[in-house]
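Undergrad: One predicted model, sequence on top.
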Amino acid sequence: MQEPDALRWWDGRGAVCLIDRDPDSRAYLIERCVPGTPLGRAYDDQALEAIASALEQLWRAPSDDVEWRRIDEVAERWIEELPQDRERHGRTYEQRLLDEALDALRALPLSQERLVLCHQDLHGGNLLRAEREPWLAIDSKPIVAEPAYDAVPAVRDLDTEGRITVAQLRRRLDFLSERLELDRERIRLWGLAKHLAWGTDGLYFPGEVDVVRMLSEVGSSR
């Protein structure tokens, strides 16, 4: 578990502060957010701006004293496991999605330019209203990757009604890529590959694969 290490490295910039930790029990004490209200999942322009601002604060080059998880290593595992998972689940999704994900996983890690310590799960449920800053991030799953990878959770997260449409996904993708000056296609491809892996690892989650289909559609229809 590397979240305490990430909180220590971020040192309150964009995320809650780490107050204390006990490595033996893996327990750690973090700053309390007051009132602690989540940003939520309306994802209007104001909400997307809050997420973008938090991401900008978090994106720092990783420290040298921790063996952080790295997206290039994870991508290698996904390349091996994705075809196996598809067979194990009875080929429940289209071959074209697998091909697109594998192509992305082979190309994206090799062409990353700026590597930062990513939160990896920054969506409207993990950004809380606070006093020290307007919003602070919690519940990180730190990994070293390019910033485009870290924009994925807010792009593909479900809305307040527990669903997402192609139009919503496209709007978030366009907003965050422009606001953060990131390559829209890299965000899209990281999202497609990541959520195909997450949706078929172990159990099969049709909702995740539906999002992958949408990410494929917004790439081909732009």
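TA: In hand now; what should we look at?
Undergrad: tell me the helices in this structure, going along the chain?
TA: Along the chain, the segments classed as helices by DSSP state H run 3-10, 45-58, 71-88, 95-107, 147-150, 152-156, 166-179, 184-200, 206-220.
Undergrad: so can I have CSV of those showing mean pLDDT, mean neighbour count and distance to residue 23?
TA: (C-beta placed from N, C-alpha, C; glycine too.) CSV is the format used below for the helices of the chain (pLDDT from 0 to 100; neighbours: other Cβ atoms under 10 Å; distance: least, Cβ to Cβ, whole Å):
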stretch, mean pLDDT, mean neighbour count, distance to residue 23
helix 3-10, 96, 21, 8
helix 45-58, 97, 18, 23
helix 71-88, 97, 16, 23
helix 95-107, 98, 17, 33
helix 147-150, 98, 25, 26
helix 152-156, 96, 26, 28
helix 166-179, 96, 18, 35
helix 184-200, 96, 23, 28
helix 206-220, 91, 18, 33
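Undergrad: of all these, which lies closest to residue 117?
TA: helix 3-10 (6.1 Å; Cβ to Cβ).
Undergrad: Could you list every helix and strand in contact with the closest one?
TA: strand 18-22, strand 27-30, strand 116-118 (3 or more Cβ pairs under 8 Å, 6 or more residues apart in numbering; DSSP states H and E).
Undergrad: Could you say which of the ones you listed is packed most deeply?
TA: strand 116-118 (a mean of 24; mean count of other Cβ atoms under 10 Å).
Undergrad: contacting residues for residue 213?
TA: 93-94, 97 (Cβ atoms under 8 Å, 6 or more residues apart in numbering).
Undergrad: Report back the residue of the chain that's furthest from centre.
TA: residue 24 (28.5 Å; Cα atoms, centre = their mean).
Undergrad: Retrieve the pLDDT associated with that one.
TA: We have a pLDDT of 83 for residue 24.
Undergrad: Kindly report the same for the one 4 residues further on.
TA: The pLDDT attached to residue 28 in the predicted structure is 92.
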